[in-house]
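Colleague: Need a 3D model of the following:
(chains A and B)
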Amino acid sequence: MEYIIANFIQIDLSSALQVVLLGFIGGVLSGFIGSGGAFFMTPGMMNLGINGVVAVASNITHKFGKAMIGSHKHGKAGNVDKKLAAFLLITSVIGIQVAVAINSFLFKGGGDSHGASQGAGANLYISLVFAVILSAVALSMLKDVLGRSGAKGGGDSGPSRKIVDLLARINLPPVIYFKVADVRVSLWILLPIGIATGYLAGTIGVGGFIGVPAMIYVLGVPTAVAAGTELYLAMFMGAYGALSYSFQGFVDLRLVLLLYLGSLVGIYLGVYGVKVVNEKYIRIVTSLIILLCVISRVIAIPIYLRQLGFISMNPDLDVYFNLTSKTFLLGSGIIGCLLILLNVIRAYRQRRRIQKTLRVVRPAAR
Amino acid sequence: MPIVLISSPPHGMGRVLARNLADKTGWPFFSRDQLVEEAHKQGIRLSRLETSIVKSQVKNESLALEKEIFLSFLTDMICKKAVHGNLVYSGRAAHLIMPGISHLIRVGVNTPREIRIQNVVKELNLSPEKALDYLNTLNQDIRRWVKYVHREEYNDPSYFDLFLNLETMSLDNASKLLNKAAEFSDFKPSPESVERLEDLHLAARARLHLARNKETAGLHLGVRARDKVVTVTYMPRQEAAAASISRVMESLEGCRESLCTMAETNILYIQEAFDPSSDHFNRVTQLAKRWGAAVELLRLVPKQETDLSIIEPEKEASGREATAYTGGVEDDGPETPADDGGLTRTLDELIAMGRSAGGFTVAGDKKEVVDAVKEKNNYSLVILGDLFSTKGHSAATRLTREMGLSIHEKFKVPVISISELASEFLFGKQQALKLLISILVTVGLYSAVFQFQRPILDFMGGDLHHQWKWTASICVALFVPLVAYAYGTVAGLILKLIDID
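Modeller: Numbers count the residues shown, from 1 in each chain, chains lettered A, B, ... in the order given. Sure, this is the predicted structure:
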């Protein structure tokens, strides 16, 4: 790989187009489900030979602007609860600090006589938390939406309110009212949720995957508002990340611009999808994407177990495990994106038909 | 003065419970069996309708007409049987009949499967296995029926007021409970709910009256009644029958006046407050003129502003409509008009334009609006205006969109917001200019970065960066949002241009 300066590689037309495509798929996912761009774009760029830190830095810088546009669009559609975002941002900082402390501790104690690379312990811990938490989220989401549609034959049933109703009974003051989401939540419920969300975001790096379902199922926030609020939160996190990484000299502006070429179109399509696609479908697609990501992580676990000496396995097999893991990861993004686009196109065509009807001039009734 | 509608699974003791309640209270009893008998006497081929709905995949226009007439017949029969306003009716999906009337008690019954199987074994002389198969098939058929006739899911709990479990409660106690429930203020008739029921009955009688007359028998008509004024709308292809409709309607008893209008399309315009001089209203009427459509106004009064949770047929609008249909003869009086959110003035304007399809008020929320639309459901377009104004802009936008999605999903009627109505056809000069400027800025920024890659990357992460770390951070913080905004505007406007917005 040819480098122009320090960490920044030469980008040819083919690589540039691939980065644009990565941005597009990430944009569709994040516009539609409020998160999911980073898990797809960062490894995708690394596959192109871009240094991992540069990929992360460029992605987070791009996320800053993208989240700004996305949350603005969501805001116009009435899907952003700024007050809720502020509460979650403040409380999640505590959780992030806890997660960083645990990760650092495990990272330092990673290497040993079994040939474990530095950080294998942390990798295993992160993968296990990722698999357990996200499986639970995706399966309960799927069970909820499929169970309900089975019981009532589809329709526009909302997400399960079991937890919301249970927590509503606690009603411990102070109870805060979030106007846009139209929910009342006790601070004592919000606090652990914020901390837990922050902890998981800090541990597995996908806050949206936790934050969005937590807002829907625990706080009772409408799905579209959960997605919009999460994107609003991401804007602040992205700004912080962009400043930090650019100070350290890891942001490749060319990558940021190429990612935008795809992602800003994608995010518009994703947000349009939230407007026109049935809420049930949004939840099915979200849970499907999460499940594929979980499978991708589970496939990588034997590598870490071997590195830590818990199992004996030929190290040459690592490359196959890695490849399969990446395939599932990319597959989840591509399949999710295609499912979303399919419905967006369907809704678009339906709307065009209506508009054609609207333009018909007929003789006035008498 | 209650009307109790009992709905139970097939062979599920609903009729027995209804009979038990009727015996205890002295209220008249009416069951589906009697309904079928009455229908047969009046020439309504219920069994054919049932077979067509349950067995046939094809739902044609004549089936829709038969369904419409059956629902009118059902409404008429229940209202007629409700002597002094009392009735206990047990029948298929009884709880879904006449939605939006608050003093009807809608009761669901759960009966253990074993008891239902025993009932079938006893009544039809089948083996328990065959009885189970029979019940399963019947359940499926009934679900299909309910879905087509009432456009609802059979077991949706939101349509029940009470649900009784006969596995844990005796019939006697269930009857006592219902008797007691009838005394609750929630189920007491209010002048508005009684008036609403009377209007529903009048509309049903009018529909049957038209169906029974040779001249108007096969016509697809929209019939509704407000304050004893019946409005019949017909399709343009049926224009020749307009005179017949008027003639037939003359002989309908209990009708103060009947209006017969051709509505190629009906537009429902939902808003909290109307203003006939507003741009929004102007847009709607322009569309109505282009379509040759009639516009019906639905004023939504949010729940917190009123104690009512039912469809309210217009305290103020009923008074208003009474004056609207007097043929120009107005009463003198010192009455000052109630604040009806501009509904009266806007209706007057529509009447003057010959575009009025009436107006009414719904107190409540999404569900109440859906109920109101469901009752008529003859719209070609629903326009959502300014709604949920007390909720703040963001929440109002979201709630309006959710209401639109509910109406669209339920009735497959196109729904658009008033702002979409204004913007979706036009890509004005202002947008074109903005697009042009954004394209120029975007091209400029991208060209600069890719033309001068080496110095820029040096500044971002090379030797130059070590001297200008803070400047580089600040530049990124300023440059990135600028690119995002410029290119985001280009992407957004181009997508808007092709109607993805």
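Colleague: Sketch out the low-pLDDT regions of the stretch 1-150 of chain B for me.
Modeller: Along the stretch 1-150 of chain B, the parts satisfying pLDDT under 70 run over B:1, B:55-62, B:83.
Colleague: give me that answer again for 80
Modeller: B:1, B:45-65, B:83-85, B:100, B:148 (pLDDT under 80).
Colleague: can you give me the strands in the chain?
Modeller: Since no chain was named, I'll use chain A. A:3-5, A:8-9, A:175-178, A:183-186 (DSSP state E).
Colleague: Hmm, no, I was thinking of chain B.
Modeller: B:3-7, B:29-31, B:87-90, B:104-110, B:162-165, B:221-226, B:229-234, B:257-262, B:266-271, B:294-302, B:311-312, B:356-364, B:381-384, B:415-417.
Colleague: Least confident of those, on average?
Modeller: Mean pLDDT values for those show the minimum at strand B:311-312, a mean of 40.
Colleague: Report the buried residues of the lengthiest helix in chain B.
Modeller: Longest helix in chain B, counting residues (DSSP state H): helix B:469-497. Neighbour-count burial for helix B:469-497, counted by 16 or more other C-beta atoms under 10 Å in any protein chain shown, picks out B:472-473, B:475-476, B:479-481, B:483-493, B:495-496. Backbone N, C-alpha and C define where each C-beta goes, glycine included.
Colleague: Is there any residue in it that contacts chain A?
Modeller: Yes. Using C-beta under 8 Å from any C-beta of the partner chain, helix B:469-497 reaches chain A at B:469-470, B:472-473, B:475-477, B:479-481, B:483-485, B:487-488, B:491-492, B:495.
Colleague: With mean neighbour count and distance to residue B:393 as added columns, please give the strands of chain B in a markdown table.
Modeller: Below are these laid out as a markdown table (neighbours: other C-beta atoms under 10 Å in any protein chain shown; distance: least, C-beta to C-beta, whole Å):
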| stretch | mean neighbour count | distance to residue B:393 |
| --- | --- | --- |
| strand B:3-7 | 27 | 41 |
| strand B:29-31 | 21 | 50 |
| strand B:87-90 | 28 | 46 |
| strand B:104-110 | 22 | 37 |
| strand B:162-165 | 17 | 39 |
| strand B:221-226 | 23 | 34 |
| strand B:229-234 | 23 | 36 |
| strand B:257-262 | 17 | 37 |
| strand B:266-271 | 25 | 16 |
| strand B:294-302 | 23 | 15 |
| strand B:311-312 | 26 | 27 |
| strand B:356-364 | 23 | 22 |
| strand B:381-384 | 24 | 15 |
| strand B:415-417 | 20 | 13 |
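Colleague: Can I get those strands in CSV including distance to chain A?
Modeller: Converted to CSV, the strands of chain B look like this (distance: least, C-beta to the nearest C-beta, whole Å):
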stretch, distance to chain A
strand B:3-7, 16
strand B:29-31, 27
strand B:87-90, 23
strand B:104-110, 14
strand B:162-165, 15
strand B:221-226, 13
strand B:229-234, 10
strand B:257-262, 5
strand B:266-271, 10
strand B:294-302, 7
strand B:311-312, 20
strand B:356-364, 11
strand B:381-384, 8
strand B:415-417, 8
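Colleague: Ok, which of the ones you listed comes nearest residue A:18?
Modeller: strand B:415-417 (38.9 Å; C-beta to C-beta).
Colleague: on that earlier part again, helices and strands around the longest helix of chain B, which ones?
Modeller: helix A:52-76, helix A:223-248, helix A:253-276, helix B:429-451, helix B:453-461 (3 or more C-beta pairs under 8 Å, 6 or more residues apart in numbering or on different chains; DSSP states H and E).
Colleague: which residues of the stretch 251-366 of chain A fall in helices?
Modeller: Remark: helices assigned in the stretch 251-366 of chain A by DSSP state H, counting those that start in this stretch are A:253-276, A:279-307, A:318-359.
Colleague: I'd like to know which of those lies nearest to residue B:188.
Modeller: Taking the helices of the stretch 251-366 of chain A one by one with C-beta to C-beta, helix A:279-307 is closest: 36.8 Å.
Colleague: Would you mind confirming that residue B:50 is in contact with residue B:142?
Modeller: No. Residue B:50 is beyond contact range of residue B:142, at 9.8 Å (criterion: C-beta atoms under 8 Å).
Colleague: and residue 159, what pLDDT?
Modeller: Using chain A. Value for residue A:159, per-residue pLDDT: 59.
Colleague: that's the wrong chain, I meant chain B
Modeller: At residue B:159, pLDDT is 86.
Colleague: What is the burial count for the closest residue to it other than its chain neighbours?
Modeller: Nearest residue to residue B:159 in three dimensions, chain neighbours excluded: residue B:95, at 5.4 Å (C-beta to C-beta, 6 or more residues apart in numbering or on different chains). Residues lying near residue B:95 (other C-beta atoms under 10 Å in any protein chain shown) number 23.
Colleague: Format the helices and strands packed on helix B:469-497 as JSON lines; extra columns: distance to residue B:278.
Modeller: Output for those, formatted as JSON lines (distance: least, C-beta to C-beta, whole Å):
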{"stretch": "helix A:52-76", "distance to residue B:278": "22"}
{"stretch": "helix A:223-248", "distance to residue B:278": "28"}
{"stretch": "helix A:253-276", "distance to residue B:278": "25"}
{"stretch": "helix B:429-451", "distance to residue B:278": "21"}
{"stretch": "helix B:453-461", "distance to residue B:278": "52"}
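Colleague: Nearest to residue A:92, out of those helices?
Modeller: helix A:223-248 (8.0 Å).
Colleague: in the stretch 1-150 of chain B, which spans are helices?
Modeller: B:14-25, B:32-41, B:46-55, B:61-81, B:113-124, B:128-150.
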